[in-house]
Structure formats: structure tokens, C-alpha cells
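>>> Here is a sequence with its predicted model. Questions after.
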Amino acid sequence: MRRITLSNGKTVEVECLSCALTSGVMEPDGGTVIETEHFHAHQDVAYPIKGLMILASKRHIKCFDELTEEEKLDYIAILSKIRAAQRKILGIEHVYYFYNEDTTHHFHTWLVPRYDWMYQFGRSVESVRPVLLHARNHMNSEGNINTVMEAIQQLTKELN
Ligand SMILES: [Zn+2]
């Protein structure tokens, strides 16, 4: 079991954070953006970047080759649908997709929008972690959080 402190100060003990989120045991801040039979999308607002989405499988798997044929089709359909909404609603021109199999929780893909301010951390994959840490540590102003929450609502509306 892992003990996780939520942004509202409450502490929960879960076996797997992704399982807790995708099954509805834990409600992500900002809510569920879209849900299909096999996948669940939300934003981890601990990383306050407008339009950043996390797409997690509902099944507790770790590796790409564990997806069933049906899950593969669902995955690519929902991934591209979220991508289209990021472009249409938020004007996001480029997205970095990040997914690793040696995760402490389960199968989830980060869709990280690319904004001009991120170039101070370089381009490409080596910039992703510094960008996320910068957002987590330095972008928690009320104004930015409101912008992020508003984007979550706009994406949710577009996708449902
Ligand atoms: Zn899990």
C-alpha cells in the first residue's frame, strides 16, 4: 500500500494510484475529462500546465504489449480525440507524449503541451522532466491554477 497526500490535505492509502483514479475511488482535482470503456483521462493538477492530460488504462497493466486488441483501438481513438480537442479548444500546436513502463502505478500516457516558456529547458525529451518540475514548484499561483482548471472544464465540455 502507498500513502498519498491529496492536494486537499486528505491522506489516502491505495495499492495503485492509477487504479484509484480510474475506478472512481479517488476523484482527480478538476474531475474526469473523458472516460471510455478501457481508458480514463484527467489532469494531475500538481503539474499546473494548461491542457496537460494523463490518459490511464482502467486495467492494472504496465506494458504496451499487455493491451488487448480492443484496448489498442480504444487507446488510439481516445488519444487522438484528446489531441484534437487540445488543438481546437486551447490552440496547442505541439504535444509531447510520455509513457514509461517502469512506473510505480500503472499504464498511463502524459500528453504534455509544448509552450514557448518551455524552451528555457531545451527541446525534446530531456526538457520534459525539468518542465514538469518547474510547473510543480513555480507555477502554483492562484491565477495559473484557475487557468488550468478552466482548460480542464473546456476540454471536458468538448469531449463529452
Ligand atoms: Zn493499477
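Noted; the coordinates are in hand.
>>> Kindly report the residues of this structure close to the ion.
With the criterion set to C-beta under 5 Å from the ion, the chain comes near the ion through 16, 18-19, 60, 106. C-beta coordinates here come from the backbone N, C-alpha and C atoms, glycine included.
>>> Please convert the buried members of those residues into PyMOL selection syntax.
Command for PyMOL that selects the buried part of those, burial taken from 16 or more other C-beta atoms under 10 Å:
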select buried, resi 16+18+19+106
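>>> residue ranges with poor pLDDT in this protein?
6-8 (pLDDT under 70).
>>> Show me what counts as buried in stretch 90-103.
Within stretch 90-103, the residues that count as buried by 16+ other C-beta under 10 Å are 92, 95-96.
>>> Next: stretch 12-29.
For stretch 12-29, by 16+ other C-beta under 10 Å, it's 14, 16-22, 26, 28-29.
>>> Check stretch 75-91 too.
Buried-residue list, stretch 75-91, by 16+ other C-beta under 10 Å: 75, 78-79, 82-83, 85-86.
>>> ok, the residues you listed vs residue 145, which is closest?
residue 86 (18.8 Å; C-beta to C-beta).
>>> what about the closest one, distance to the ion?
Taking C-beta to the ion, to the nearest Å as the measure, residue 86 falls 25 Å from the ion.
>>> Phi and psi next, for that residue.
Main-chain torsions, residue 86, degrees, to the nearest 10: phi -60, psi -40.
>>> re earlier: CSV please, covering the buried residues of stretch 12-29 and showing secondary structure and distance to residue 52.
Converted to CSV, those look like this (DSSP: H, G, I helix; E, B strand; the rest coil; distance: C-beta to C-beta, whole Å):
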residue, secondary structure, distance to residue 52
14, strand, 22
16, coil, 21
17, helix, 16
18, helix, 16
19, helix, 21
20, helix, 19
21, helix, 15
22, helix, 17
26, coil, 18
28, coil, 12
29, coil, 13
